[in-house]
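> Task: produce atomic coordinates for the following.
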Amino acid sequence: MSPDTLFGGSGPALPPAYPERAAWGTAPKLRQWQAEALEKYFAKNDNDFLAVATPGAGKTTFALRVATELVERGIVNRITVVAPTDHLKRQWADAAARVGLALDPNFKNADGRHGHGFIGVAVTYAQVASKPMLHRAKTEAARTLVILDEIHHGGDALSWGDGIREAFEPAARRLSLTGTPFRSDTAPIPFVDYIEDGAGIRRSKADYTYGYGQALKDHVVRPVMFMAYSGQMRWRTSAGEEMAASLGEAAVTKDITAHAWRTALNPAGEWIPAVLAAADRRLSEVRRAVPDAGGLVIATDHEDARAYAGQLKKITGESPTVILSDNAKASEKIEEFSAGTQRWMVAVRMVSEGVDVPRLAVGVYATSTSTPLFFAQAVGRFVRARKRGETASVFLPSVPTLMILANEMEVERDHALDRPENHSEEEGFGLDDSLMEAANREEKASGELQKQKFEALESQASFDRVLFDGGEFGTGGELGSEDEQDFLGIPGLLDAEQVTMLLRQRQQEQLSRRGRRKPEEKVPEALPSVADHRQLTELRAQLAKNVSAWSARSGMPHGMVHSELRRICGGPAVAQANEEQLQKRLEKLQDWFIGRK
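Residues are numbered from 1 along each chain as shown. So this is what the prediction gives:
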């Protein structure tokens, strides 16, 4: 049987098995979860199968093994892969070629059919949505396996969902994959099964699930340490009022959180250059053990990305790779970076999902996007393990939204339907992305309007804490302090158990140092309990409300109130203050309200 007949656009039906199989390519050895999922796939023996596996676990390898088996058994004789981006189309085609399956990633709707020598095509969701009937005709013309990569994109737009349903309803087999949390909405995703829970809400049902927690135990993915940085922010509102707040200050209003966060990310301030410098120091430590380790900065927009790249060049003396759009040249730059040893890459959104750059070990989350979906996609770029012991470090603004997401890395989230219109499963994360978008629009205003709109004035950074495996470590510290270096200097090759042990050790050392500096303070014998954290959160919330009330009464900006309280009562910024220090500030505010000096 000739290759043209085997892989051509309209070849005959394939026989049940192929004597030529050995010439196709070498199938990689399956991980345990992949073998289990494969067994479940063929045991189900159904048109549809949904596999949910954490980023970096190897969904592509699993899917291509399914494809190979289906071709060998004569169940399918054509393959269509649907991916979110053009870069991922090429990535799928390269991976398929390694196991002997030839997919055409350059197929265009105008071509009508793929070229000879290919068993199928790799296309994007947008491509299918623009010409669903064309893809339906191709699907009907052969026994087609459709692999829907990151199937949650079927809910991104009505046209995308309708398009893939129309195009691939007649497919012989459909294999849906995702590695990130589904959103909560009322639009069912095509080819996904839903079951009703006790509350009358339909939730997506996966045929096989392999979460981050299990993958971490199996050493399939890297442990991720989240390095949180706080600091004081100051900005001018659209009304001309100067505002100030500590980044991550509990219980401030959502718009204040949004503007403080955006102020931190402003390239003209001090926060982002300081965090980039800290991340580069962490990368240098990791490269001691992993010489080709690389870093990725995820920016909000093109303008910020270019500015961050300029700051990294000043810090490192090396120009980073900058990825600004999803085009062929961008894909080439990603591939060059992946194969090289360059320190840093800066991107907007393109590298946030599915893009495989295994040497990425350090990240800076310098974007204002805060949904669980995007966060999981972004963090997923750093978890792919190449060898046991590699760790990942992601630097974050210390804001409640991201702190919750970082602490819930292992939580499985299904796609939920039938929710009331005023309710979202993402409530409680503390910040609607629309507020960040409004802050961005205000900051990017130009001309005379700029004088009337939001303006970032000043930002300062300080080390806050490390989040790992649901725990929090560190007592805060100034930039360049021993307290910060304790965590930036953690070795780059450690398994999850060793990371936990070392973090606890560093925490105790910091508590002991503070005890030696201030003998009157008792050093806790153990890490703070959950109750202690809740008490601090309540005190910070109470302080924020009282400061806001005093600001309204006195006309003094929030930041000045905090600064004055800190001057009188002593102690660090609110994010690092302990229970006693917060209580003193509350008592001082009470004195002010009753007219006592």
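> Show me how the record splits the protein into domains.
If you go by automatic domain parsing, the domain ranges for the chain are 3-217, 224-409+432-468+479-491, 530-593.
> any chance of these in CSV, plus mean neighbour count and distance to Ser512?
No exception for glycine: its C-beta is placed from N, CA and C like everyone else's. Below are these laid out as CSV (neighbours: other CB atoms under 10 Å; distance: least, CB to CB, whole Å):
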stretch, mean neighbour count, distance to Ser512
domain 3-217, 19, 30
domain 224-409+432-468+479-491, 20, 12
domain 530-593, 16, 16
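> what about Met233, which helix or strand?
Met233 belongs to strand 232-236 when assigned by DSSP states H and E.
> got it, and His562?
Assigned by DSSP H and E, His562 falls in helix 558-569.
> Does anything pack onto whichever helix or strand comes after that helix? Which helices or strands?
Where DSSP H and E defines the elements, the next helix or strand beyond helix 558-569 is helix 579-593. Helices and strands touching helix 579-593, by 3 or more CB pairs under 8 Å, 6 or more residues apart in numbering; DSSP states H and E, are helix 530-554, helix 558-569.
> Going by mean pLDDT, which of the ones you listed comes out lowest?
With a mean of 70, helix 530-554 has the lowest mean pLDDT of those.
> For that helix, which helices and strands make contact with it?
On a contact count with 3+ CB pairs under 8 Å, 6+ apart, helix 530-554 meets helix 558-569, helix 579-593.
> Using CSV, write out every CA atom in the strand holding Met233.
The C-alpha coordinates for strand 232-236 follow below in CSV (Å, rounded to 0.1, in the frame of the first residue of the first chain):
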residue,chain,number,x,y,z
GLN,A,232,2.4,50.5,48.7
MET,A,233,0.6,51.9,45.7
ARG,A,234,-0.5,55.5,45.0
TRP,A,235,-2.7,56.7,42.1
ARG,A,236,-5.0,59.6,41.1
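> Name every strand pairing with that strand and say which way it goes.
Each strand paired with strand 232-236, and its direction, by DSSP bridges: strand 242-246 (antiparallel), strand 455-459 (antiparallel).
> which one of those lies closest to Trp160?
Shortest distance between Trp160 and the strands paired with strand 232-236, using CB to CB, is found for strand 455-459: 35.8 Å.
> and the helix or strand where Phe226 lies, what does it pack onto?
Counting by DSSP H and E, the element that carries Phe226 is strand 224-230. If you count contacts as 3+ CB pairs under 8 Å, 6+ apart, strand 224-230 packs onto helix 271-289, strand 392-397, helix 400-407, strand 462-468, helix 482-488.
> quick one, what contacts the residue nearest to Asp483 when sequence neighbours are not counted?
What sits nearest to Asp483 in space, not counting adjacent residues and going by CB to CB, 6 or more residues apart in numbering, is Gly477, at 3.0 Å. By CB atoms under 8 Å, 6 or more residues apart in numbering, the residues touching Gly477 are 462-463, 483-484, 510, 576.
> gap between the nearest residue to Ser481 once chain neighbours are set aside and Thr475?
Closest residue to Ser481 apart from its sequence neighbours, by CB to CB, 6+ apart: Phe463 at 7.0 Å. According to CB to CB, to the nearest Å, Phe463 stands 9 Å off from Thr475.
> Mutual contacts of these two, please.
Both Phe463 and Thr475 are contacted by Asp483, under the criterion CB under 8 Å, 6+ apart.
> what's the strand holding Met233 in contact with?
Residues from elsewhere that reach strand 232-236 (CB under 8 Å, 6+ apart): 242-247, 259-260, 263-264, 271, 454-460, 559, 573.
> do stretch 456-464 as well
227-236, 242, 248, 262-264, 266, 268-272, 274-275, 278, 398, 443, 474, 476-479, 481, 483-484, 487, 573, 575-576.
> can you rerun that using 6 Å?
228-236, 263-264, 266, 269-271, 274-275, 398, 476-478, 484, 575 (CB atoms under 6 Å, 6 or more residues apart in numbering).
> Need the pLDDT of Arg183.
So Arg183 comes in at 52 (pLDDT).
> Asp207 is in contact with Asp193, correct?
No: Asp193 lies out of contact with Asp207 (CB atoms under 6 Å); the separation is 8.2 Å.
> List the contacts of the nearest residue to Val220 once chain neighbours are set aside.
Distances taken as CB to CB, 6+ apart put Ala57 closest to Val220, at 5.4 Å, once the chain neighbours are dropped. Contacts here follow CB under 6 Å, 6+ apart; on that basis Ala57 touches 210, 215, 220.
> rewinding a little: put together CSV for the strands paired with strand 232-236, with mean pLDDT and distance to Leu589 on each row.
Formatted as CSV, the strands paired with strand 232-236 follow (pLDDT from 0 to 100; distance: least, CB to CB, whole Å):
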stretch, mean pLDDT, distance to Leu589
strand 242-246, 83, 16
strand 455-459, 87, 24
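> give me the low-pLDDT residue ranges for the stretch 201-350 of the chain?
Scanning the stretch 201-350 of the chain for pLDDT under 70 picks out 201, 250-252, 325-328, 349-350.
> how about the strands in it?
With DSSP state E, counting those that start in this stretch, the ranges of strands along the stretch 201-350 of the chain come out as 202-204, 208-210, 224-230, 232-236, 242-246, 294-299, 321-323, 344-347.
> and those strands as CSV, adding distance to Arg386?
Shown next, in CSV, are those (distance: least, CB to CB, whole Å):
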stretch, distance to Arg386
strand 202-204, 31
strand 208-210, 19
strand 224-230, 15
strand 232-236, 38
strand 242-246, 38
strand 294-299, 12
strand 321-323, 20
strand 344-347, 17
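> Ok, which of these comes nearest Gln590?
Closest among the strands of the stretch 201-350 of the chain, using CB to CB: strand 242-246, at 20.7 Å.
> just curious, which of the contacts of Ala57 is nearest to Asp255?
Closest to Asp255, out of all of the contacts of Ala57 and judged by CB to CB, is Ala215, at 37.7 Å.
> Could you measure from the closest one over to Thr391?
14 Å.
> Repeat that for Phe454.
Taking CB to CB, one finds Phe454 at 37 Å from Thr391.
> same thing with Ala129?
Ala129 is 40 Å from Thr391, by CB to CB.
> And Leu70, by the same measure?
Leu70 sits 37 Å away from Thr391, going by CB to CB.
> Dihedrals phi and psi, Arg78?
phi -150, psi 150 (degrees, to the nearest 10).
> What spatial separation is found between it and Asp111?
Applying CB to CB, the value for Arg78 to Asp111 is 15 Å.
> tilt between the strand holding Met233 and helix 558-569?
140 degrees (axes from the mean of the first three to the mean of the last three CA atoms, to 10 degrees).
> List the contacts of Leu488.
Listed by CB under 6 Å, 6+ apart, the contact set of Leu488 reads 281-282.
> try it again with 8 Å
Neighbours of Leu488 in contact, by CB under 8 Å, 6+ apart: 227, 278, 281-282, 285.
> now swap in Arg585 and tell me
Contacts of Arg585 by CB under 8 Å, 6+ apart are 543, 565-566, 569, 571, 577.
> Ignoring the adjacent residues along the chain, who's closest to it?
In space, Arg585 is closest to Leu565, 4.4 Å off (CB to CB, 6+ apart).
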